[in-house]
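In: can you look at this prediction? I've put the sequence above it.
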Amino acid sequence: MKRVLIAEDNDSNYLLMTYILKNRYEFDRARNGQEVVDMVESYAPDLIIMDLKMPVINGIEVSRRIRKNHPDIPIIILTASAFESDREEAESIGCNEFLTKPVSGQKCLEIINRLI
Ligand SMILES: [Mg+2]
């Protein structure tokens with residue numbers, strides 16, 4: 001089973017993701033940006049779902065660091081903020097998708113299935 005890393009500091013948002021992924025993918029959780037960086041270095045997940053606003057290091061900066069060593073891991077940015085500047089920055093770093101919360105489970109799953 002492919003492994004998805006869920007980078008999410010908010011418990012209810014994380015729980016929602018687990019419902020979408022359950023029985024389809026294995027998943028792990030990182031609660032802050034530093035954890036994401038460390039976990040990606042210890043095992044390369046098949047896909048990352050990345051919250052933008054996280055403690056320690058934000059999702060944009062985390063994505064930038066990951067892209068240095070892992071240009072091919074799909075990254076889906078999932079955010080409550082819909083700032084166009086965030087979207088443009090995510091694109092320029094090489095994030096694969098930029099989704100605004102709340103996102104439908106079906107849509108999210110379609111995108112994961114396509115990218116993984
Ligand atoms: Mg957050």
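Out: Arrived safely. Residues are numbered from 1 along each chain as shown.
In: please make it C-alpha for all contacts and neighbour counts, starting now.
Out: OK.
In: in stretch 46-66, what's buried?
Out: 46-54, 57-60, 62-64, 66 (16 or more other CA atoms under 10 Å).
In: does the ion sit close to it?
Out: Yes: counting by CA under 5 Å from the ion, the ion is contacted by stretch 46-66 at 53-54.
In: hmm, back to that, narrow the buried residues of stretch 46-66 to those in strands?
Out: In strands, defined here by DSSP state E, the members of the buried residues of stretch 46-66 are 47-51.
In: go through the residues you listed and say which is closest to Arg114.
Out: Distance to Arg114 across those (CA to CA) is lowest for Leu47, with 10.9 Å.
In: specify the beta-bridge partners of the closest one.
Out: Applying DSSP bridges to Leu47 gives these bridge partners: Val4.
In: what's the distance between it and Ile60?
Out: 16 Å (CA to CA, to the nearest Å).
In: same check, this time on Thr18
Out: 22 Å.
In: cool, and Glu41?
Out: In terms of CA to CA, Glu41 sits 17 Å off from Ile60.
In: re earlier: check the ones in strands among the buried residues of stretch 46-66 and tell me the two furthest apart.
Out: Largest pairwise distance in these, by CA to CA, is 13.2 Å, between Leu47 and Asp51.
In: quick one: buried residues of the helix or strand where Cys108 lies?
Out: Secondary structure from DSSP states H and E places Cys108 in helix 105-115. Buried residues in helix 105-115, defined by neighbour count with 16+ other CA under 10 Å: 108, 112.
In: this completes my enquiry, with thanks.
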